[in-house]
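Peer 1: Sequence first, predicted model second:
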Amino acid sequence: MNEHRRMTLGLLLPLLIAVALLGLSISCPQKPRSALLSASLQVPVPIRPVLDRTCLDCHSYETRWPWCSRIPLVSRLIQHDVNSGREHLNFSTWTGSAPHLATTNEIQEICDAVSDGTMPPRRYWLIHPDARLAQADKDSFCEWADQMRNVGSESRDWQGQEPPGEPVKAGSP
Ligand code: HEC
C-alpha cells in the first residue's frame, strides 16, 4: 500500500466511524409518542415517558426506525423483533382501561417482564442506553398493576354497591 492510500484510509476510517456514531445518537424530534396512542389507553402520567423511551419502538405502531434498520439483514432482525413485540403487546391497539381483567393481567405481565429484566431486551438497551430501566421505573409499572387490580376487584366484586369498610376480624368482640 503506498503512502497516499494509507493516508486516505487513515482519514476515511475515523470519518466513517464518526458518521456511524452520529447516526446512533440522532433521532428526529417528535412529540411524545405516548400522546399518539389511543385516547382510551389509560397510562398513568409518570409511566408515559418511560413507555416512550423504552417500549414503544417494539410495542406500538409508533416505531422510530433506527438508521441501522436500513442495513440488509440487520433490518430483518429488527423487523422481526418489532413484529413479534407488536404481536405480544401493542399499545397502539390496546384499549387498556379498568376494570378489564385481561388488561389487569397484561399489566401484571408487564410488571413481571420489567422486574425480571426480560423487557426491554438487552439487545435494545445496549443500543439505546437511556432505555435501561431504573428501579423506580420498574416499581412504577408494578404500582400501576396494583392500582388496576384494586380498581378491577372493586367494580367486579361490588358491582356498584358500596364496598364494606374495614374487614371485621373473626373472633373480635
Ligand atoms: C427490541 C424490542 C422490544 C422492546 C424495546 C421491548 N420489547 Fe417487550 N417484547 C419484545 C418481543 C420480541 C417480545 C416477544 C417475546 C420475546 O421475544 O421475548 C416481547 C414481549 C413482551 C411481553 C410479553 C411477555 C410474554 O411472556 O408474553 C411484555 C409484557 C413486554 N414485552 C413488555 C415490554 C415492556 C413493558 C417494554 C418496555 C419497558 C418492552 N416490552 C420493550 C420486544 C421488545
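Peer 2: Alright, I've got the coordinates. These numbers were taken from a predicted model, which means no experiment stands behind them.
Peer 1: so how far is Pro120 from the residue nearest the centre of the chain?
Peer 2: Per C-alpha atoms, centre = their mean, the C-alpha nearest to the average position across the chain is that of Cys55, at 1.6 Å. Distance of Cys55 to Pro120, computed by C-beta to C-beta, to the nearest Å: 7 Å. Every C-beta, even on glycine, is put in place using the N, C-alpha and C of the backbone.
Peer 1: And for Gly85?
Peer 2: 10 Å.
Peer 1: Overlap in contacts, those two.
Peer 2: Cys58 (C-beta atoms under 8 Å, 6 or more residues apart in numbering).
Peer 1: Just give me the neighbour total for Arg48.
Peer 2: Neighbourhood size, Arg48 [other C-beta atoms under 10 Å]: 17.
Peer 1: Please verify my assumption that it contacts Arg33.
Peer 2: No - with contacts counted by C-beta atoms under 8 Å, Arg48 stays clear of Arg33, the gap being 9.2 Å.
Peer 1: hmm, who's touching the helix or strand harbouring Asp52?
Peer 2: In this structure, Asp52 sits in helix 48-54 according to DSSP states H and E. With contact meaning C-beta under 8 Å, 6+ apart, helix 48-54 is reached by 32-35, 43, 91, 120, 124-125, 128, 130-131, 133, 137, 140-141.
Peer 1: what about 6 Å?
Peer 2: With contact meaning C-beta atoms under 6 Å, 6 or more residues apart in numbering, helix 48-54 is reached by 32-34, 120, 130-131, 137.
Peer 1: Dump the helix or strand that comes right after that helix to PDB, restricted to CA.
Peer 2: The first helix or strand that comes after helix 48-54 along the chain, using DSSP H and E, is helix 74-88. Listed next in PDB are the C-alpha coordinates belonging to helix 74-88 (Å, rounded to 0.1, in the frame of the first residue of the first chain):
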ATOM      1  CA  VAL A  74     -30.000  -6.100  10.400                       C
ATOM      2  CA  SER A  75     -33.300  -4.800   9.100                       C
ATOM      3  CA  ARG A  76     -34.600  -8.300   9.000                       C
ATOM      4  CA  LEU A  77     -33.700  -8.900  12.600                       C
ATOM      5  CA  ILE A  78     -35.200  -5.600  13.800                       C
ATOM      6  CA  GLN A  79     -38.300  -6.100  11.700                       C
ATOM      7  CA  HIS A  80     -38.800  -9.500  13.300                       C
ATOM      8  CA  ASP A  81     -38.300  -8.100  16.700                       C
ATOM      9  CA  VAL A  82     -40.900  -5.300  16.200                       C
ATOM     10  CA  ASN A  83     -43.400  -7.700  14.600                       C
ATOM     11  CA  SER A  84     -43.100 -10.100  17.400                       C
ATOM     12  CA  GLY A  85     -43.200  -7.400  20.000                       C
ATOM     13  CA  ARG A  86     -46.400  -5.900  18.500                       C
ATOM     14  CA  GLU A  87     -47.900  -9.400  18.300                       C
ATOM     15  CA  HIS A  88     -47.500  -9.900  22.000                       C
END
